[in-house]
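Would you be able to build a 3D model of this:
(one chain, ligands or ions: 1)
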Amino acid sequence: MSAQSKQTLGEFIIDRQEDFKYSSGELTRLFNSIRLAAKIVSHKVNQAGLVDIIGAFGQENIQGEQQQKLDVYANEVFIQTLINREIVCGIGSEENDDFISIEGKDGNNENKYIVLMDPLDGSSNIDVNVSVGTIFSIYRRVTPIGTPVTKEDFLQKGENQVAAGYVIYGSSTMLVYTTGNGVNGFTLNPAIGTFYLSHPEMSISEDGGIYSVNEGNYVHFPQGVKDYIKYCQAEEGNRPYTSRYIGSLVSDIHRNILKGGIYLYPTSAKAPNGKLRLLYECNPIAFIIEQAGGKASDGFNRIMEIEPTELHQRVPFFCGSKNMVEKAEEFMSLNK
Ligand code: P6P
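Predicted coordinates:
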């Protein structure tokens, strides 16, 4: 089937308006903005080796991480695209210390959605030409419409998400999202700048044969994680599993959805609460994984039920094929 005969992202959103109910077109316009920003960032990422835009920007973000120029660029593109279209009332970004409250032209903003995002996850891979990604999460505000947003609007449980998605800038650029009615993947045809439905109704198998973890931190892992890794490596049944770890969350998650597998970022000496951020990485990925039939926890509790306490809060992350996550949780509970 040629690309042109596949549905475009725009046509899909129009056909699936029931997934965007109660949004009076706001959520559709919000998705159109994310689609536009993704195309702009994709173009720049694909040029990274050619123009002077890679390498450290020379500044550090709130995480104390060297900001790669593309980090800063992607953050600005998504934020400006959303602000210019006046379709959200607030934005939280992993790259920004605090959230952004967006006042309307006449000082009040009648929009009801907020966006939380990691504009370019895995950016340390940019200079070595490894896939990177954008992760986004959409909520309805919980404070009165027309007033400035507050931290309460951002510190919502993941189960309140209206939609979530990721863009993977890899061998091809894909946008994968859910509004709570399954997961669908769209591949960009860069020649004409159109996303086509390439992966309808994505689902992750209950069992898989891939485990993704940075084993370099093994000595610092909790005993339950060490025991689970040894389980993955044991000669029994369909084990040993294959170890695959790209070091780019979106890439590891995308592969594991398509092939079956588990991704782990546990606590370690370097990351006593884990490394990944609850709001900008774990909740959106958890929403997608659950909608695809998988599971996402912190080793003990469902990620999307964690009550956030701060914008840049980190949590341990166990995510992927349901039975694999449950086996890892078993080892964690044996060593509680
Ligand atoms: P480590 C990238 O910095 C990231 O946030 C995820 O994309 C990735 O899975 C993880 O951190 C890699 O971390 O400590 O294994 O290099």
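
Quickly note the distance from residue 230 to the ligand.
Distance of residue 230 to the ligand, computed by CB to the nearest ligand atom, to the nearest Å: 19 Å. To be clear about C-beta, it is placed using only N, CA and C from the backbone, and glycine gets the same treatment.

May I ask which helix or strand encompasses that residue?
According to DSSP states H and E, residue 230 maps onto helix 223-233.

For that helix, buried residues please.
Neighbour counts over helix 223-233 (16 or more other CB atoms under 10 Å) mark 224-229, 231-232 as buried.

Equivalent analysis for stretch 129-145, please.
Applying a neighbour-count criterion of 16+ other CB under 10 Å, the buried positions in stretch 129-145 are 131-141.

do the same with stretch 108-115
For stretch 108-115, by 16+ other CB under 10 Å, it's 109, 111-115.

With respect to the ligand, which of those is nearest?
residue 115 (18.8 Å; CB to the nearest ligand atom).

does the closest one sit in a helix or strand, and which one?
Short version, using DSSP H and E: residue 115 is in strand 113-121.

Residue 162 - nearest residue in space that isn't next to it in sequence?
residue 138 (4.8 Å; CB to CB, 6 or more residues apart in numbering).

Show the contacting residues for that neighbour.
The neighbours of residue 138, taking CB atoms under 8 Å, 6 or more residues apart in numbering as the test, are 27, 30, 113-115, 161-164.

Now pLDDT and distance to the ligand too, for the residues you listed, in a markdown table please.
Below are these laid out as a markdown table (pLDDT from 0 to 100; distance: CB to the nearest ligand atom, whole Å):
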| residue | pLDDT | distance to the ligand |
| --- | --- | --- |
| 27 | 87 | 27 |
| 30 | 93 | 24 |
| 113 | 95 | 25 |
| 114 | 97 | 22 |
| 115 | 98 | 19 |
| 161 | 98 | 20 |
| 162 | 96 | 24 |
| 163 | 96 | 21 |
| 164 | 98 | 16 |
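
give me phi/psi at the residue nearest to residue 162?
phi -120, psi 130 (degrees, to the nearest 10).

Distance check, it against residue 186.
Distance of residue 138 to residue 186, given as CB to CB, to the nearest Å: 17 Å.

can you count the residues close to residue 107?
By the criterion of other CB atoms under 10 Å, residue 107 has 8 neighbours.

does it sit in a helix, a strand or a coil?
Judged by DSSP: H, G, I helix; E, B strand; the rest coil, the three-state class of residue 107 is coil.

The ligand versus that one, what's the distance?
Residue 107 is 37 Å from the ligand, by CB to the nearest ligand atom.

just residue 60 next, same as before
Here residue 60 is placed at a distance of 14 Å from the ligand (CB to the nearest ligand atom).

Quick check: closest non-adjacent residue to residue 20.
Residue 20's closest residue in space is residue 27 (CB to CB, 6+ apart), at 4.4 Å.

just checking, that neighbour touches residue 113?
Yes: using CB atoms under 8 Å, residue 27 makes contact with residue 113 at a distance of 6.7 Å.

which neighbours do those two share?
What both residue 27 and residue 113 touch, as defined by CB under 8 Å, 6+ apart, is the set 138, 162.

wait, what's in contact with residue 283?
By CB under 8 Å, 6+ apart, the residues touching residue 283 are 116, 137, 158, 161, 164, 303-304.

redo that, cut-off 6 Å
137, 158 (CB atoms under 6 Å, 6 or more residues apart in numbering).

in a helix, that's where it is, yeah?
Yes: the assignment for residue 283, made by three-state DSSP, places it in a helix.

Could you confirm whether stretch 242-253 reaches the ligand?
Yes: contact of stretch 242-253 with the ligand (CB under 6 Å from any ligand atom) involves 247-249, 252.

Could you dump the residues you listed into CSV with pLDDT added?
Formatted as CSV, the residues of stretch 242-253 next to the ligand follow (pLDDT from 0 to 100):
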residue, pLDDT
247, 96
248, 96
249, 98
252, 98
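
Separate out the buried members of those residues.
Buried by 16+ other CB under 10 Å: 248-249, 252, out of those.

Closest to residue 274 out of those residues?
Distance to residue 274, by CB to CB, is smallest for residue 249 among these, at 12.0 Å.

I figured that closest one was touching residue 121, is that so?
Yes: checked against CB atoms under 6 Å, the pair residue 249 and residue 121 is within contact range at 5.4 Å.

Those residues of this protein touching the ligand, which are they?
Checking the chain against the ligand by CB under 6 Å from any ligand atom, the hits are 121-122, 124, 214, 247-249, 252, 275-276.

Tell me which of these fall in strands.
residue 121 (DSSP state E).
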